[in-house]
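Participant: Quick one, fold the following:
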Amino acid sequence: MSINELSGFPKMSLMQRPVHQCIMNEIGKDPNIKELAIKCYEGRYSNGNSTPLVLYAMHFESFFLVKKFREIDKESRDFPLNNLIMNVAVKGIKSTEIRGYLFSEATKKELSEILLYSGNAGKIAHQKTILHVAIEKNDQDLISRLMKKEVDLDVRDETGKTSIELANLKGKPLEVAGRQPNLFADSPLNVKFSFK
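Facilitator: This next block holds a predicted model:
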């Protein structure tokens, strides 16, 4: 074995790497899927990291591999579901199959939690719910899916805003049964005149 100068890890052939043969046996016969699976696998081991294969499959928007990796790859199976859905929001994964699959397994509690995630080039850390990010990105499909799961709308992000307040600021109030949108809640006029 030679040492990979970039990572300092011993360079192994694809067949020597953990679970590779198991993954290839499970993938099936489709050469396009196998090629994509190899790209995911190489991405994971190119720098000696243990990023779950499911994240690479999501990047390629391959529903088949997302589902398969969640079944057979330990890191993918153990990766928190709410973090996978946050990746859908942050990276703008559009596949309705992937979204539907992840949401079918997610609980209201998981989807309502504040998550820490990195912004541009991993430099800026944010603390928001998935709904906050969906509102910022104006992802109506994701907003709709989260509202159907009845996520907690009163959770505040790092700036102290609830998802309802953020949506109002963006000019796209959330339609919530039993609640009237208050478009004037964050108005500068409220400082002088209380309309609440």
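
Participant: So which other helices or strands are in contact with the helix ranked longest in the chain?
Facilitator: Selection of the longest helix in the chain by residue count, based on DSSP state H, yields helix 31-45. With contacts taken as 3 or more C-beta pairs under 8 Å, 6 or more residues apart in numbering; DSSP states H and E, helix 31-45 sits against helix 20-27, helix 53-59, helix 63-72. (Each C-beta comes from the backbone N, C-alpha and C, glycine too.)

Participant: So for A134, which of these sits nearest?
Facilitator: helix 53-59 (15.9 Å; C-beta to C-beta).

Participant: List the contacts of that closest one.
Facilitator: With C-beta atoms under 8 Å, 6 or more residues apart in numbering as the test, helix 53-59 has contacts from 23, 36, 39-41, 43-44, 65-66, 68-70, 73, 75-76, 79, 84, 87-88, 91, 93, 98.

Participant: try 6 Å
Facilitator: Around helix 53-59, the neighbours that count as contacts under C-beta atoms under 6 Å, 6 or more residues apart in numbering are 40, 43-44, 65-66, 69-70, 73, 76, 93.

Participant: Enumerate the positions of it that are buried.
Facilitator: For helix 53-59, the neighbour count (16 or more other C-beta atoms under 10 Å) marks 53-58 as buried.

Participant: Count the neighbours of R156 for me.
Facilitator: Using other C-beta atoms under 10 Å as the criterion, R156 is surrounded by 16 other residues.

Participant: ok, it - contacts?
Facilitator: T162.

Participant: Relative to V90, how far out is it?
Facilitator: Separation of R156 from V90 (C-beta to C-beta, to the nearest Å): 19 Å.

Participant: before we move on, what about D78?
Facilitator: 20 Å.
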